[in-house]
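In: Kindly generate the corresponding structure for this input.
(one chain, ligands or ions: 1)
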Amino acid sequence: MRSAGCPRRSSGATRNERPEVDHPRGRRQTVLALDGGREHAELFYDVEAALFQNRDLTALELERVAALAEGLATPLRSPIADLACGPGRHGLELARRGHLVTGVDLSAPFLRIARAAADSGGVGGRQRLVCGDLRRLPCADGAFQSVLLLGNSFGYFSDREDLAILAEARRILRPGGLFCLEITRRGAYLAALEPYEEELVCGRRHPRLRCQWWRRWDPATRRVFTHERHSLPDSGELVYEGPYDMRLYGWGELQRMLRRTGFQRVIQAPFTPAADTLDGGLGETFGAMSEVRFVAARV
Ligand SMILES: C[S@@+](CC[C@H](N)C(=O)[O-])C[C@H]1O[C@@H](n2cnc3c(N)ncnc32)[C@H](O)[C@@H]1O
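Out: Model (predicted):
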């Protein structure tokens, strides 16, 4: 967990260090520890501690999923697929509540973190973890009653591939099944977008880590291009540096995509994790997760 003594993310400094935040289309970027192996997974586990290590947030998100499921008269039921599960926080919580969960992620190191948490939490038997790509899920047709894609894990590919991801979610659901997506709210995100942000993170791996983000919104592609750098503040040693970009979908676009991929009913609810409801007030530092939209659809 990020220590309470860490400064909050601040903006507006060292613009002269700004790197180029364009990157060639077609080249896929790292999306949180995908290609960096174990060390990078642990690094991002620390950098994104507000997200990955916050049980209060996870419980609040699952409450939102349950409320939308009720709105669709399609309860959240097992077996559940937790797509892009990362270190597995949602699956862990669901398994604790008795559900049977299959977590799918492309990052083997994140899956190892998830496996260790499930085993030490005594729910290893209820949480399967599978290495696989969202665009070609290693799951049989109709294998799940509920499919979740949470934690702003959608929008990192081309529009065509993003559509394929929704079609894959639809394919692995049973008739009458529930799909739930948690995604950043474009309007809120753009209103708060800063071209430069930095934060000093106190992590498990590095007690002091300087994290920097340079961002640029491109209205033509509706993508935010980010260049991310992590270094040790005392020595200046570079720990990680790399780009990624994220498509920001509006509510209308999401509705059309979900209908096109065969979902029948689509509903949504906004969610802003209020700083005072979260452990240590970490809600302030959530970045793209500060104001999100839960979208639920029924097959
Ligand atoms: C923002 S994290 C969210 C993790 C988790 N859902 C949560 O909320 O804690 C995004 C996750 O997507 C995974 N990911 C990225 N591209 C993927 C792909 N093509 N297939 C499967 N997982 C992918 C990353 O490894 C990472 O764990």
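In: residues in contact with whichever residue of the stretch 151-299 of the chain sits closest to the ligand?
Out: Residue of the stretch 151-299 of the chain nearest the ligand, by C-beta to the nearest ligand atom: Gly151 (1.9 Å). Where you see a C-beta, it was placed from the backbone N, CA and C, and this is true even at glycine. By C-beta atoms under 8 Å, 6 or more residues apart in numbering, the residues touching Gly151 are Leu51, Glu61, Ala84, Gly86, His90, Glu182, Met289.
In: can you list contacts of the host helix or strand of Leu129?
Out: Leu129 is located in strand 127-131, with elements delineated by DSSP states H and E. Outside strand 127-131, the residues within contact range by C-beta under 8 Å, 6+ apart are 85, 88, 91-92, 95, 101-106, 108, 111, 114-115, 118, 138-139.
In: 10 Å - rerun?
Out: Residues outside strand 127-131 that contact it (C-beta atoms under 10 Å, 6 or more residues apart in numbering) are 79-82, 85, 88, 91-92, 94-96, 99-108, 110-115, 117-119, 121, 137-139.
In: and Thr285, what pLDDT?
Out: For Thr285, the model assigns a pLDDT of 61.
In: Low-confidence regions, the chain specifically.
Out: Where the chain drops to pLDDT under 70, the residues are 1-37, 274-285.
In: show me where the stretch 151-299 of the chain has helices.
Out: Taking DSSP state H, counting those that start in this stretch as the criterion, the stretch 151-299 of the chain carries its helices at 159-171, 186-192, 251-260.
In: check contacts around the residue in the stretch 1-150 of the chain positioned nearest to the ligand.
Out: The stretch 1-150 of the chain approaches the ligand most closely through Gly86 (2.7 Å), counting by C-beta to the nearest ligand atom. Going by C-beta under 10 Å, 6+ apart, Gly86 touches 32-33, 41, 44-45, 48, 51-52, 103, 105, 107, 110-111, 113-114, 150-151, 153.
In: Can you flag which of the residues you listed belong to strands?
Out: Using DSSP state E, Gly103, Asp105 are the members of the contacts of Gly86 that sit in strands.
In: out of the contacts of Gly86, which are buried?
Out: Burial by neighbour count, 16 or more other C-beta atoms under 10 Å: within those this picks out 32-33, 41, 44-45, 48, 51-52, 103, 105, 107, 110-111, 113-114, 150-151, 153.
In: Just the ones in helices from the residues you listed, please.
Out: The members of those that map onto helices under DSSP state H are Ala41, Phe44, Tyr45, Leu51, Phe52, Phe110, Leu111, Ile113, Ala114.
In: Next to the ligand in this structure, residues from the stretch 101-250 of the chain, please.
Out: Taking C-beta under 6 Å from any ligand atom as the contact definition, the stretch 101-250 of the chain meets the ligand at Asp105, Leu106, Ser107, Phe110, Asp133, Leu134, Arg135, Leu150, Gly151, Asn152, Ser153, Tyr156.
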